[in-house]
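Let me see the structure of the following:
(chains A and B)
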Amino acid sequence: GQQLNQSPQSMFIQEGEDVSMNCTSSSIFNTWLWYKQDPGEGPVLLIALYKAGELTSNGRLTAQFGITRKDSFLNISASIPSDVGIYFCALGGGPLGGATNKLIFGTGTLLAVQP
Amino acid sequence: SAVISQKPSRDICQRGTSLTIQCQVDSQVTMMFWYRQQPGQSLTLIATANQGSEATYESGFVIDKFPISRPNLTFSTLTVSNMSPEDSSIYLCSVLLGDTQYFGPGTRLTVL
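Numbers count the residues shown, from 1 in each chain, chains lettered A, B, ... in the order given. Okay, the predicted model is just below:
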C-alpha cells in the first residue's frame, strides 16, 4: 500500500524559532495538503499544493510541492504559542495522476511551543 | 467554507452496544466522508457517502460494522455497531466543497 512518511514525529521549540517538517510518499500524487489539528477539533486546511515545484505561503507558513511529486515540506517562521497542535500532511489525487477525492494522511507532527 | 457540526461530541459506551453519530453541514454537498482517528494516530478514511447512493467503504471497513446513511445533501450518520474497546477513537466527518475537504470537530468515543 501507499507509504506516507512524516517527520519529525514531534518538536519542542521556543517561541520565535522557525519550524520545518516534511512528508515523503512512495508514489506520485497530484495534490499535497497541510492540515493543523487543535485539541478537540477536526483538522483545518492550512495550505494546498497542486503543481510540482509549487511554493505557497499563508502568513508565516510556507509549503512546497516537491518536483518529483513525492515529497513536500511545511515551514513555520517565528513561531508563537498558538502554533501548538498536530500538523498533518495529506495526499490526494491518486497515484499516477488518477482523480480521487480520498485523502491519505501522514502520521502527524506534534508541535509544542514554549513561550 | 463549510460549517460542520457533529453529535454527540463525546460518549462512553458499553461493549456490545451501538452508537449513531450525526453530521450536519451548513451547505449542500455531494460528497461526505467519515474518518477514524485512533488515540495518538492519524486519520484513516472509513467510507465515502454520496447522497442517493450506497456508501463506498475502504479496505478493512465493512457496512455491517459501520452502516452509514446519507438521506440528503446536508446530513449523514455513521453507526458504530457491536462496539468493542478497540473501537475507541475519534470519528470525524468531512465534506468536499470545491477542491477542499472541511472537517467536523469529531466525536470522541470510549468503549468500556
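
Quick check: which element contains the residue of chain A found nearest chain B?
Using CB to the nearest CB, the single residue of chain A nearest to chain B is residue A:42, 3.1 Å away. For glycine as for every other residue, the C-beta is placed from the backbone atoms N, C-alpha and C. Residue A:42 is located outside every helix and strand, with elements delineated by DSSP states H and E.

surely it meets residue B:103?
Yes: if you go by CB atoms under 8 Å, residue A:42 and residue B:103 touch, sitting 3.1 Å apart.

Look up how far residue A:12 lies from the closest residue to residue B:42 other than its chain neighbours.
In space, and not counting its chain neighbours, residue B:42 is closest to residue A:105: 4.4 Å by CB to CB, 6 or more residues apart in numbering or on different chains. Distance from residue A:105 to residue A:12, counting by CB to CB, to the nearest Å: 22 Å.

what about the two, which has more around it?
Ranked by neighbour count (other CB atoms under 10 Å in any protein chain shown), residue A:105 and residue A:12 place residue A:105 first, with 23 against 9.

Thought residue B:33 was touching that one, still the case?
No: contact between residue A:105 and residue B:33 fails when scored by CB under 8 Å: they sit 11.7 Å apart.

Can you get me a residue count around residue 22?
Going with chain A. 19.

meant chain B actually
With other CB under 10 Å as criterion, residue B:22 counts 16.

For it, give me phi and psi.
Residue B:22 adopts backbone torsions of phi -110, psi 140, taken as degrees, to the nearest 10.
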